[in-house]
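Student: Return atomic coordinates for the entry below.
(chains A and B)
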Amino acid sequence: MRDKQLAVRMRNISKSFGQVQANSNVSLDIYRGEILALLGENGSGKTTLMNMLSGIYFPDGGTTEIDGRRVTIGSPKDAFDYGIGMIHQHFKLVNVFTAAENIVLGLKEPGRFDLQAASERIRAICDTYGFDVDPNQKVYDMSVSQKQTVEIVKLLYRGAEILILDEPTAVLTPQETDRLFAVLRNMRDAGKAIVIITHKLHEVQEISDRVVVLRKGERVGEMVTAESTTEEMTTMMVGHQVALDIDRPRPVNPKRRMRIHGLTVRDGEGVLKLDNVSFSVYSGEILGVAGISGSGQKELLEAIAGLQPVEIGSIEYINDDGTIDQLIGKDPLEIASMGVALAFVPEDRLGMGLVASMDLTDNMMLRSFRDGPSPFTDRRAPKELAEKVVDELEVSTQSVSTPVRRLSGGNVQKVLVGREISSAPSVLLTAYAVRGLDVNSSYMIYDLINRQKASGTAVVYVGEDLDVLLELCDRILVLCGGKVSGIVDGRYTSKNEVGMLMTKLGGEAR
Amino acid sequence: MIDLVSFIPRAVAQSIPLLLGSTGEIVTEKSGNLNLGIPGVMYVGGICGVIGSFMYERSLSDPSQINAFLGIAIPVTCCLLGSLLMGLLYCFLTVNLRANQNVTGLAMTTFGVGFGNFFGGSLIKLTGADVPTISLGTTSRLFRTALPFASSMGWFGQVFLSFGFLAYVAIAIALVASYILNRTRVGLQLRAIGEDPATADAAGINITRYKYIATCGGCMIAGLGGLYYVMDYANGIWSNDAFGDRGWLAIALVIFTIWRPNVSIPASILFGGLYILYLFIPTGKNLAIKELYKMLPYLVTIVVLIITSMRSRRENQPPESLGLPYFREER
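Tutor: Presented below is the predicted three-dimensional model:
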């Protein structure tokens, strides 16, 4: 395999965004006539690394060589000039343009601007590799897979030799995936270098010749696909368990609080996001939700919170006296007026949770402004609450009248969690509560969640760091491709078991 | 019945500032910049031309000795320079500093009108005349020179050939802008920036340069509209605030024509016609009716806004990223 011609050689590449180190000292070789899989969990730095190769980001350090020549890639245009093309997860296509217009966009071909001639060349490329593209079709009329095809043709039209695909199958049906893979093999056999970024092991197995694994921004290993097993890859991807010393008191007197049965959710485009999900939530317990990003975590929490239309299924809330309320079809206001104390800490803190340009007091008011019969709002109680949150959670802010946008990520999260738990919820839903937080803030959040647990709240904790899930949660529900692939006991499971569950169903279903 | 032969030339003359303003704004908006400063830019374009020709006319001992070339070139150059500076200011604020485009544009309109009235007032002081106007009759005559044989061709000459050169320039600019936008590589790239700058950037197009060129070019085109208004339509007479709300009508025309400069040619004539229709409708002694007719362009604009917002074809929508700043490394 090593007799293949080296196309790209990246050495010690580093990149950070603010305080977050996205890549540190990553080295990578890409060969012609080979499909390389870049494997890693969400946030492991795969896309950032490839964005640097394609000129979207500029590396903080490290060197890149293309065909043995040391190069500096400062812009996407530079990358084109070196024959590097990347297909992003979000397609870079202009919706109101035709396929042909998108394909020639930005090109400086000599001679007159002639879309007709370009269309001919596009058809020729399609015939060579087996694509099906109508050059005159508008992009907004195309299916996701057609758009992706246009992206690939666009790169080939520009004479790209090194093609990078960022999670190309995330939006495709199995049949479309098979077609894509067939085309990728054609291109590989024609001597192109191909990189696919993915976190799906079965795809790595199916399509790649070689796999490089990234974890938390670092390169952790490289394998020849044919000589390695999924177990080895999983272990490498999730890493070995790290002891974090997070408290996990035994649940006190757990009672069933919610029963979710057969929950099925489709998104606006009809794609199945949750498929027949059933589980129960108990008071005084933390239920962790693990899964590769986009496995349905967001939809699950939003369905419970009343923000996501549900196709079929039931969400039952069991009151203390044993009576049952059905939450399906209710919006958050109706749920609250039924006396169900739900608190939701969404993933998108400044989009769904807080209003960035309003101060702490006003943000506290978002939950209480409807209270009382007076047409005037009560500002005193929220102000006191804001002061209490600042005080108790050690939020570092100038005053309670500072817009939350000026606060750091950790402090924003404390404000949001503080507000949500102040309502003494019986169910607390949290999504990626510690994402982007430093270690101290993270522990403070764990502590807050544990205190809620001790006071009898049923906590649903959606997380991405398996080490944290394994130490914090009493039970862990693993989602894979919108299905529950297992519910395990947090005290007796292992990182490997959860990792396998996270990737298992995806491998079988697709 | 309305006398079409005298109505049409008046409508056309009324339409040219609107046409230039809307063509400039369309080119600007296609790059994703929503320049609400266009009324101010047109105002500045007008007053800069006035300043230039005022200085030139004053330097002559005898106004009838005016050099035809300089008499036109000086005001046009001054007008283009003034509007260019406005465009550069707008671009610097919105493209480099990523300031809010609406606020910047509105501030520029306020600024432009104030700038025009300030210098207009100063020049009026200089003339020492009793009426609060500046009269540049000699220059205006140059701008209004029509083809010599126009008057000898009856109604045809009056309807098609009786205008000053700027009117034909305006129509040519609209046609050329339309061709560039729809038929050339440059136009394709410009439209891509207005629709989806991230995609255009990934395709290796220099966003900043295109935004600057389109916006400054658009401002210069719009500025000519202000110049035409003073020199041709108003017979070289500047008085403060006389330009009125033509700048806003030009922006309304952008939406009316669904971002197409070629459509703007008939559309602006329609608007121009509505603008002066009250002069041609016999209303007898009841002057109140005339005031109602003056509302027409605005009513049409409102109706058009309602209709365009109901239309749902994707091609008829504003450029997708209109009004949004672009920053590559935004996460």
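Student: Low-confidence ranges, chain A, go.
Tutor: For chain A, the stretches with pLDDT under 70 are A:1-3, A:241-242, A:504-510.
Student: Flag every residue of it that's near chain B.
Tutor: Within chain A, the positions lying close to chain B (CB under 8 Å from any CB of the partner chain) are A:17, A:56-57, A:75-77, A:80, A:88, A:92-97, A:101, A:104-108, A:113, A:138, A:140. For glycine as for every other residue, the C-beta is placed from the backbone atoms N, C-alpha and C.
Student: Give me the buried subset of those.
Tutor: The neighbour count (16 or more other CB atoms under 10 Å in any protein chain shown) marks A:56-57, A:75-77, A:80, A:88, A:92-97, A:101, A:104-107, A:138 as buried among the residues of chain A next to chain B.
Student: What about the residue nearest to residue B:325 when sequence neighbours are not counted, how many residues nearby?
Tutor: Excluding its sequence neighbours, the residue lying closest to residue B:325 (CB to CB, 6 or more residues apart in numbering or on different chains) is residue B:98, at 3.9 Å. Residues lying near residue B:98 (other CB atoms under 10 Å in any protein chain shown) number 13.
Student: how about residue B:98, secondary structure?
Tutor: With DSSP: H, G, I helix; E, B strand; the rest coil as the basis, residue B:98 sits in coil.
Student: Tell me the span between the first and last residue of stretch A:403-417.
Tutor: 17 Å (CA to CA, to the nearest Å).
Student: Which parts of it count as buried, going by neighbours?
Tutor: A:403-404, A:407-417.
Student: Which of the residues you listed fall in helices?
Tutor: By the criterion of DSSP state H, membership of the buried residues of stretch A:403-417 in helices covers A:409, A:410, A:411, A:412, A:413, A:414, A:415, A:416, A:417.
Student: Could you dump those into a markdown table and include distance to residue A:184?
Tutor: What follows is these, written out as a markdown table (distance: CB to CB, whole Å):
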| residue | distance to residue A:184 |
| --- | --- |
| A:409 | 38 |
| A:410 | 42 |
| A:411 | 45 |
| A:412 | 42 |
| A:413 | 41 |
| A:414 | 46 |
| A:415 | 47 |
| A:416 | 43 |
| A:417 | 44 |
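Student: show me what contacts residue A:276?
Tutor: A:262, A:263, A:264, A:313, A:483 (CB atoms under 8 Å, 6 or more residues apart in numbering or on different chains).
Student: Kindly report the same for residue B:144.
Tutor: Residue B:144 sits in contact with B:164, B:231, B:232, B:235, where contact means CB under 8 Å, 6+ apart.
Student: And the buried ones among the residues you listed, selectable in PyMOL?
Tutor: Of these, the buried ones go into a single PyMOL selection, burial set by 16+ other CB under 10 Å:
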select buried, chain B and resi 164+231+232
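Student: so which of the contacts of residue B:144 also contact chain A?
Tutor: Counting by CB under 8 Å from any CB, no member of the contacts of residue B:144 reaches chain A.
Student: ok, the contacts of residue B:144 vs chain A, which is closest?
Tutor: residue B:164 (34.1 Å; CB to the nearest CB).
Student: Quick one: classify the residue positioned nearest the centre of chain A as helix, strand or coil.
Tutor: Using CA atoms, centre = their mean, the residue of chain A that lies closest to the mean C-alpha position is residue A:293, 3.9 Å off. Judged by three-state DSSP, the three-state class of residue A:293 is coil.
Student: What distance do you get for the closest residue to residue A:40 other than its chain neighbours to chain B?
Tutor: Leaving out its chain neighbours, the residue that sits closest to residue A:40 by CB to CB, 6+ apart is residue A:214, at 3.8 Å. Separation of residue A:214 from chain B (CB to the nearest CB, to the nearest Å) stands at 18 Å.
Student: for residue A:214, phi and psi?
Tutor: Note on residue A:214: its backbone torsions stand at phi -110, psi 150 [degrees, to the nearest 10].
Student: That one: neighbouring residues, count only.
Tutor: As a burial measure, residue A:214 scores 26 neighbours (other CB under 10 Å).
Student: Quick check: residues of chain B near chain A?
Tutor: B:183-185, B:188-189, B:191-192, B:195-196, B:198-205, B:314-315, B:317, B:320, B:328-329, B:331.
Student: one more time with 10 Å
Tutor: B:183-189, B:191-196, B:198-206, B:313-317, B:319-320, B:328-329, B:331 (CB under 10 Å from any CB of the partner chain).
Student: Tell me the buried residues within these.
Tutor: Here, 16+ other CB under 10 Å leaves B:185, B:187-189, B:191-196, B:198-206, B:317, B:319 buried among these.
Student: what about the helices in the stretch 101-250 of chain A?
Tutor: For the stretch 101-250 of chain A, the helices defined by DSSP state H, counting those that start in this stretch cover A:115-129, A:144-157, A:174-189, A:201-207, A:230-238.
Student: want to throw those into CSV with mean neighbour count?
Tutor: As requested, those are arranged in CSV below (neighbours: other CB atoms under 10 Å in any protein chain shown):
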stretch, mean neighbour count
helix A:115-129, 15
helix A:144-157, 21
helix A:174-189, 16
helix A:201-207, 20
helix A:230-238, 19
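Student: Using a markdown table, lay out those helices together with distance to residue A:391.
Tutor: Converted to a markdown table, the helices of the stretch 101-250 of chain A look like this (distance: least, CB to CB, whole Å):
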| stretch | distance to residue A:391 |
| --- | --- |
| helix A:115-129 | 64 |
| helix A:144-157 | 49 |
| helix A:174-189 | 53 |
| helix A:201-207 | 47 |
| helix A:230-238 | 39 |
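Student: right, and these - which one's nearest residue A:270?
Tutor: The closest approach between residue A:270 and any of the helices of the stretch 101-250 of chain A, judged by CB to CB, belongs to helix A:144-157 at 11.5 Å.
Student: In PDB, list the C-alpha atoms belonging to the closest one.
Tutor: This file holds the C-alpha atoms of helix A:144-157, laid out as PDB (Å, rounded to 0.1, in the frame of the first residue of the first chain):
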ATOM      1  CA  VAL A 144     -30.000  16.300  -1.200                       C
ATOM      2  CA  SER A 145     -28.200  13.600  -3.100                       C
ATOM      3  CA  GLN A 146     -28.400  15.500  -6.400                       C
ATOM      4  CA  LYS A 147     -26.900  18.500  -4.700                       C
ATOM      5  CA  GLN A 148     -24.100  16.400  -3.400                       C
ATOM      6  CA  THR A 149     -23.500  15.000  -6.900                       C
ATOM      7  CA  VAL A 150     -23.300  18.600  -8.200                       C
ATOM      8  CA  GLU A 151     -20.700  19.300  -5.500                       C
ATOM      9  CA  ILE A 152     -18.600  16.400  -6.600                       C
ATOM     10  CA  VAL A 153     -18.900  17.300 -10.300                       C
ATOM     11  CA  LYS A 154     -17.900  20.800  -9.400                       C
ATOM     12  CA  LEU A 155     -14.700  19.600  -8.000                       C
ATOM     13  CA  LEU A 156     -13.900  17.300 -10.900                       C
ATOM     14  CA  TYR A 157     -14.700  20.100 -13.400                       C
END
